[in-house]
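Engineer: I would like the atomic coordinates for the input below:
(one chain, ligands or ions: 1)
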Amino acid sequence: MEIFETVAEIRNTVKKWKKNGLTVGLVPTMGYLHEGHASLVKESVRNNDKTVVSVFVNPAQFGPGEDLASYPRDFGRDKAMLEALGADAVFHPSADEIYGGNPLTKVYVEEMSSVLCGKTRPVHFGGVAAVVSKLFNIISPDKAYFGLKDYQQFRIICKMARDLNFDIEIIGMPIVRDKDGLALSSRNVYLKPEEREAALSLNKSLGIAEKMAENGERSAAKIINAVKSAIEAYAAAKIDYVNIVDPENLKDIDTLTGPSALMLAVYVGNARLIDNRIIGS
Ligand code: PAF
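Structural biologist: Numbering: from 1, shown residues only. A predicted model of the protein is given here:
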């Protein structure tokens, strides 16, 4: 497995692979890898001749006062994990390598970026779209892999790829959970042991909603109220939002008429946790 720090080097390597007719999978990450990331890398290794994993804590997707400085990092551990998973290359650029030269171009997927997490994190999805479009242009993968825990991000990237004609298949991979049901996230390290129970309310509330929909409940408001009550039962959990949206365009829906995305974000101590489930299918 090779480590590349510059755009020119990774580009040349990928160009050589492609000249030899090899297919390339890309797994974009911000490092501090866990089993969720591992599932993306395994899928890419299975389905492509070569797999590139980017490890880059992207400053552009953190707003003022967010956790850019404290975001967990352990590149040594990430490298060992990626080597064991069979990745072929790691792209680990500096912020200057990616954003040097005073870039003036913005990439912003309107409507979908200002709702849900975009309300509390107004710069976040612009930063994600900017770095992902750069990675797509630098690596030119055939396929790119994203976790469905970040469902809004996944949908925004699908829309961006379609709008900008990226010739890349975007693949969403199922949420990976700890044994107790907590969705894996690099930010789970912010949780104190005594906050775990409150953090589990997210997955529990999704289960309640799923059952209600299975039993024929079609009112989004009723399901949202039940989800909110299940979370608010824990004093340490503070809801940011609970919404039920169209799974493609992320617009709120009142009545479930087909598969619908239940989306939530909840603060537990220093962690802002997100989770989601497709219900009503
Ligand atoms: O999901 C993430 O880890 C990041 O948002 C991504 C897609 C790597 C862009 O920085």
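
Engineer: enumerate every residue touching the residue nearest in space to the middle of the chain.
Structural biologist: By CA atoms, centre = their mean, the chain has its centre lying nearest to residue 150, at 3.5 Å. Going by CB atoms under 8 Å, 6 or more residues apart in numbering, residue 150 touches residue 274. Using the backbone N, CA and C atoms, a C-beta is placed for each residue, glycine as well.

Engineer: what's the spacing between it and residue 232?
Structural biologist: For residue 150, the distance to residue 232 (CB to CB, to the nearest Å) stands at 24 Å.

Engineer: enumerate the residues of the protein near the ligand.
Structural biologist: Within reach of the ligand by CB under 6 Å from any ligand atom, the chain has these residues: 28, 29, 30, 58, 61, 128, 131, 132, 150, 153.

Engineer: doesn't the last one lie inside a helix?
Structural biologist: Yes - assignment of residue 153 by DSSP: H, G, I helix; E, B strand; the rest coil places it within a helix.

Engineer: what pLDDT does it get?
Structural biologist: What the model reports for residue 153 is a pLDDT of 98.

Engineer: show me the contacts for it.
Structural biologist: 125, 128, 146.

Engineer: among the residues of the chain next to the ligand, which are in strands?
Structural biologist: Using DSSP state E, the members of these that fall in strands are 28, 29.

Engineer: would you list the residues of the chain next to the ligand in TSV and tack on distance to residue 87?
Structural biologist: Formatted as TSV, these follow (distance: CB to CB, whole Å):
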residue	distance to residue 87
28	13
29	11
30	16
58	19
61	23
128	22
131	19
132	18
150	20
153	21
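
Engineer: quick check: closest non-adjacent residue to residue 191.
Structural biologist: Nearest non-adjacent residue to residue 191, counting by CB to CB, 6 or more residues apart in numbering: residue 271, 5.1 Å away.

Engineer: I'd say that neighbour and residue 190 touch.
Structural biologist: Yes - at 4.0 Å, residue 271 counts as touching residue 190 under the criterion of CB atoms under 8 Å.

Engineer: pull the distance from the lengthiest helix in the chain to the chain's centre.
Structural biologist: Criterion DSSP state H: the longest helix present in the chain is helix 124-139. Between the centre of helix 124-139 and the centre of its chain there are 13 Å (CA atoms, centre = their mean, to the nearest Å).

Engineer: how about stretch 269-281?
Structural biologist: The answer for stretch 269-281 is 12 Å, by CA atoms, centre = their mean.

Engineer: rounded mean pLDDT for it, please.
Structural biologist: 96.

Engineer: can you name the residues that contact the residue nearest to residue 6 when sequence neighbours are not counted?
Structural biologist: Spatial nearest neighbour of residue 6, chain neighbours left out: residue 97 (6.0 Å); criterion: CB to CB, 6+ apart. Shown in contact with residue 97 (CB under 8 Å, 6+ apart): 5, 6, 7.

Engineer: what is the nearest of the residues you listed to the ligand?
Structural biologist: Using CB to the nearest ligand atom, residue 7 is the member of those that lies nearest the ligand, at 15.7 Å.
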